[in-house]
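Visitor: Sequence plus the predicted model coming up.
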Amino acid sequence: MMRLPFQFSARFGTLIKLQPSVRSAVSRWCSSQPGHATRAVDVGTCLEVDHPRWPHSIRISYLWLRDHCRCEHCYNFATAQRAFDITHMPPNIRPASIVNTAEGVELMWPDGHISNYNYKFLWQNTYESCRTSHKTQQLPWTGATFPKTDFITVTLQDMEKTDKSGLRKLFGSIVKYGLAFITEVPPDTESTRSVIEKICAIKKTFFGEMWEMQSMNFEHFDTAYSQEYIGAHTDTTYFSHPCRIQVFHCLQPASEGGENLLVDGFSVAQQFKERDPVGYEFLSSMAIPSEYREEGVHHYTLDTVIKHHPVTGNISRFRFNVYDRAPLSSVPLGKIEEFYYHYCNLSKIIRHPRNEYWLQLEPGTVLLMDNWRLLHGRNSFRGTRVLSGCYLDNVDFTSAARVAGIQLE
């Protein structure tokens with residue numbers, strides 16, 4: 001362990017000198033690093049840490065540092081759970097000494113407990129650094145800028161690679177563009193299930209796990225089972241947490257029509273915010289009701305059209321479905337006109353041809369969409385059309401993505 005030529009004494013506010021030989025060794029280590037030297041400095045109620053590979057220094061509360069000790073007594077590495085009781089931590093806690101090492105920072109607390117913090121751990125897990133290092137992975141698109149096929153497509157063979165490269169590409173495509181295709185999948189429901197289960201568990205809803213939808217077969221009382229045109233919408237807006245991923249596999253195309261419509265909700269939200277910032281704020285704060293009813297089923301929820309990440313403020317969810325709107329009991333009389341004005345403005349942007357991308361799904365190609373971002377619809381059609389599909393839950397999908405090494409906000 002390499003120590004800086006001094007230590008801070010929180011109790012006496014003095015510097016404790018270290019041996020000249022140690023000072024010399026630290027000097028040699030610091031001079032070998034690119035840019036400025038690594039340092040950790042006491043600045044009152046927090047520690048300021050700097051590293052040559054960081055774009056700026058970060059300040060970290062001593063309360064945070066004591067709570068995040070990763071020694072075997074404070075953290076159970078077998079279960080990845082904390083063991084330290086924060087009620088035993090005084091609110092004005094300060095370390096008795098601070099030591100910089102080549103790997104990180106070592107703090108000794110007044111009770112003699114020693115905590116070590118790796119630089120990488122500090123940069124990846126503190127507020128200031130996360131705000132700086134995070135770059136949104138999402139790339140909004142319109143009909144004219146729809147991503148190239150190669151960027152958003154993996155084959156069944158790719159999905160079966162042991163190095164998981166195909167799976168990582170699929171996750172990356174969904175995070176960046178909101179969708180991905182898997183090609184060369186046998187056109188049947190069980191083959192579709194098999195490839196989807198390579199991603200994560202399939203979510204069971206009142207539709208079941210895997211479903212197979214045939215035109216005019218009203219197994220459920222939903223417009224999707226008809227041959228009618230369906231405008232752009234997101235699914236399961238009536239769930240408190242809408243399904244995250246929507247999966248479609250067209251096993252038998254219609255003889256005429258039935259093309260699928262895709263709209264990027266995040267791109268629409270950006271356009272809406274630029275044109276009607278008051279409306280954007282209104283639909284980000286005013287909850288509206290959605291519901292689904294059939295025999296033995298009644299789902300209902302209240303939520304906003306637009307939701308944001310609680311820390312970064314970036315848009316995180318777009319919930320829009322004109323078909324599943326419940327009676328508007330959540331908007332007071334004085335806000336009714338404002339609601340319809342803004343909601344209609346948003347609807348017009350969604351329906352503008354420049355935001356639409358139409359495609360014909362073919363047997364053998366599975367489409368996965370981020371239902372928290374993309375809206376989808378369908379043209380009217382004639383003849384028999386068979387569509388297989390399922391949903392994936394947010395919890396399972398994001399867990400699998402993190403395990404694959406994908407950065408999520």
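Guide: Great, that's in hand.
Visitor: Tell me who's in contact with the closest residue to residue 184 other than its chain neighbours.
Guide: In space, and not counting its chain neighbours, residue 184 is closest to residue 156: 4.4 Å by CB to CB, 6 or more residues apart in numbering. Placement of C-beta: from N, CA and C, glycine included. By CB atoms under 8 Å, 6 or more residues apart in numbering, the residues touching residue 156 are 182-185, 195.
Visitor: can we see that at 7 Å?
Guide: Listed by CB atoms under 7 Å, 6 or more residues apart in numbering, the contact partners of residue 156 are 182, 184-185, 195.
Visitor: Distance check, it against residue 201.
Guide: Distance check for residue 156 against residue 201: by CB to CB, to the nearest Å, it reads 19 Å.
Visitor: And residue 44, by the same measure?
Guide: From residue 44 to residue 201 the distance is 48 Å (CB to CB).
Visitor: Those two - which one has more neighbours?
Guide: Between residue 44 and residue 201, residue 201 has the larger neighbour count (other CB atoms under 10 Å), namely 15 against 9.
Visitor: Could you report the pLDDT at the more buried one?
Guide: Reported pLDDT at residue 201 in the predicted model: 97.
Visitor: and it, what does it touch?
Guide: Residue 201 is in contact with residue 396, counting by CB under 7 Å, 6+ apart.
Visitor: Checking it next. Helix, strand or coil?
Guide: When classified by DSSP: H, G, I helix; E, B strand; the rest coil, residue 201 comes out as coil.
Visitor: hang on, the earlier thing: phi, psi for the residue nearest to residue 184 please.
Guide: phi -60, psi -40 (degrees, to the nearest 10).
Visitor: Could I get the full set of helices for the stretch 151-300 of the chain?
Guide: 156-159, 165-177, 189-196, 265-275, 277-285 (DSSP state H, counting those that start in this stretch).
Visitor: any idea how far residue 203 is from the closest residue in space to residue 245 that isn't next to it in sequence?
Guide: Among residues not flanking residue 245 along the chain, residue 392 sits closest, at 3.7 Å (CB to CB, 6+ apart). The gap separating residue 392 from residue 203 is 6 Å, by CB to CB.
Visitor: Touching both of these two, which residues are there?
Guide: Here residue 392 and residue 203 have residue 243 as joint contacts, going by CB under 7 Å, 6+ apart.
Visitor: Have a look at the two and say which one is more surrounded.
Guide: Neighbour count, other CB under 10 Å: between residue 392 and residue 203, residue 392 has more, with 25 against 19.
Visitor: Residue ranges in the stretch 101-250 of the chain under the pLDDT threshold?
Guide: 133-134, 215-226 (pLDDT under 70).
Visitor: Please repeat the previous calculation with a cut-off of 90.
Guide: Residues of the stretch 101-250 of the chain meeting the criterion pLDDT under 90: 101-103, 127-137, 213-228.
Visitor: three-state assignment of residue 343?
Guide: Reduced to three states by three-state DSSP, residue 343 is helix.
Visitor: Strands of the stretch 201-350 of the chain, start to end?
Guide: Using DSSP state E, counting those that start in this stretch, the strands of the stretch 201-350 of the chain run over residues 211-214, 230-233, 245-252, 256-257, 260-264, 288-294, 297-303, 306-308, 315-318.
Visitor: Pull out the buried positions in the first one.
Guide: Residues of strand 211-214 classed as buried: 211-213 (neighbour count, 16 or more other CB atoms under 10 Å).
Visitor: Need those in TSV (columns: distance to residue 373).
Guide: Below are those laid out as TSV (distance: CB to CB, whole Å):
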residue	distance to residue 373
211	22
212	26
213	23
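Visitor: quick one: the residue nearest to residue 245 and residue 50, what's the gap?
Guide: Per CB to CB, residue 392 is found 42 Å from residue 50.
Visitor: and what of residue 357?
Guide: Taking CB to CB as the measure, residue 357 falls 47 Å from residue 50.
Visitor: now residue 404
Guide: Distance, residue 404 to residue 50, using CB to CB: 32 Å.
Visitor: cool, residue 380 as well?
Guide: Residue 380 is 63 Å from residue 50, by CB to CB.
Visitor: on that earlier part again, name the member of the contacts of residue 156 with the most neighbours.
Guide: That'd be residue 182 among those, by other CB under 10 Å, with 25 neighbours.
Visitor: what's across from that residue in the sheet?
Guide: On the basis of DSSP bridges, residue 182 is bridged to residue 154, residue 366.
Visitor: sorry, back to before: quick check, the residue nearest to residue 245 in contact with residue 198.
Guide: No: assessed by CB atoms under 7 Å, residue 392 is found out of contact with residue 198, at 11.6 Å.
Visitor: can you give me the helices for the stretch 301-409 of the chain?
Guide: Assigned by DSSP H, counting those that start in this stretch, the helices in the stretch 301-409 of the chain fall at 333-351, 394-403.
Visitor: and the ones you listed as CSV, adding distance to residue 83 and mean pLDDT?
Guide: Listed next are those as CSV, based on distance: least, CB to CB, whole Å; pLDDT from 0 to 100:
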stretch, distance to residue 83, mean pLDDT
helix 333-351, 49, 98
helix 394-403, 23, 97
